[in-house]
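**Q** Please work out how this folds:
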Amino acid sequence: MKHRKLFILSVTLAAVLYVVLCFFAVFSVNDISVNYSVYTDSDKAACEQILSSYRGKNLLFLNTDKLAQEITDSTNLKVESITKRYPFSLDIKLFSRQERFAIKTAQGDYYILDDEYTVIDKRPTLENASDKLSNVLLEFVTGDVVTAEIKKPLTISNDQLLQSLKLALSCFDSPRDFLEKVTVFKVDNEVDNYRFIFAFRSGVTMEVRKALYKPQEKCMAGLEKYLSLQDINLYKGTIICYTLDSGEVKCYHSY
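**A** Got it, this is the predicted structure:
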């Protein structure tokens, strides 16, 4: 009787072990499909190295958030989606962070920022790595603390200032096509009175006054004024954007 129980127990354990092994074998990752949208060879190579470490892992217990974070930390790729395809596949969609802006350091080189204001590189020039056209230089003359670190979002001690600048720049579908530089400065002795100066590649400048108030509306009005310039001889001077006491946004071209 005792031997019979041991036999039954052994058979049960063997069956359980077999089921477990089959479970892991069936759900073991062996197919990873990656859709890269705009990438560099170095980013692709780094990503493939990360993905190779996930082959053979159990799909049921695979942490997609951890995988996405590894890709983000090690490359300039953004993860659009990671989808589990049972029983053994992963579908991954990635796209490259697009260089847009640059901030000059005290040492003379540049932090490069993407369209989400994340710092993605540090290099001797502000040229875009893909087309060599310069990224838009962001210059802060405000006394606020500007912090830029690789792989981290840009921060400014006055967060409202940063959010207002983002709103103003959101008026441009492709800022690099229009702008060379954006200067942010604070009007002396006036609390929260900032101005944004947009230097267009054409030679025109645009000045957004009291930029923390309706920055997007002012910038849009100024951009519309700029786009209405028909004569190339008018590509000079400054477009002034401001608000009346009533809150109405106005702008004019001074040249």
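**Q** how is this structure carved up into domains?
**A** Domain assignment for the chain, taken from automatic domain parsing, gives 2-96, 99-254.
**Q** just these: most buried one?
**A** domain 99-254 (a mean of 16; mean count of other C-beta atoms under 10 Å). (Glycine included, C-beta is placed from N, CA and C.)
**Q** Show me the contact partners of stretch 151-165.
**A** Stretch 151-165 has contacts (C-beta atoms under 8 Å, 6 or more residues apart in numbering) with 72-73, 103, 113, 116-120, 138, 140, 142, 144-148, 182, 184, 192, 194, 196, 211-212, 215.
**Q** Please export the C-alpha coordinates of stretch 190-201 as PDB.
**A** Extracted C-alpha coordinates of stretch 190-201, given in PDB (Å, rounded to 0.1, in the frame of the first residue of the first chain):
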ATOM      1  CA  GLU A 190       8.500  93.200 -13.100                       C
ATOM      2  CA  VAL A 191       7.100  90.000 -11.500                       C
ATOM      3  CA  ASP A 192       6.400  87.200 -14.000                       C
ATOM      4  CA  ASN A 193       6.800  89.500 -17.000                       C
ATOM      5  CA  TYR A 194       8.700  87.500 -19.600                       C
ATOM      6  CA  ARG A 195       9.100  88.000 -23.300                       C
ATOM      7  CA  PHE A 196       9.700  85.400 -26.000                       C
ATOM      8  CA  ILE A 197      11.800  86.500 -29.000                       C
ATOM      9  CA  PHE A 198      11.500  84.200 -32.000                       C
ATOM     10  CA  ALA A 199      14.300  84.700 -34.600                       C
ATOM     11  CA  PHE A 200      13.000  83.400 -38.000                       C
ATOM     12  CA  ARG A 201      15.500  82.000 -40.600                       C
END
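**Q** If you average the pLDDT over that stretch, what comes out?
**A** Stretch 190-201 carries an average pLDDT of 93.
**Q** Assign F198 to helix, strand or coil.
**A** strand (DSSP: H, G, I helix; E, B strand; the rest coil).
**Q** which residues does it contact?
**A** Neighbour list for F198: L179, K181, V182, T205, M206, E207, V208, C219, G222 [criterion: C-beta under 8 Å, 6+ apart].
**Q** Touching, the first one and N135? I think so.
**A** No: applying C-beta atoms under 8 Å, one finds L179 not in contact with N135, separated by 9.7 Å.
**Q** Between these two, which contacts overlap?
**A** Common neighbours of L179 and N135 (C-beta under 8 Å, 6+ apart) do not exist.
**Q** No further questions, thank you.
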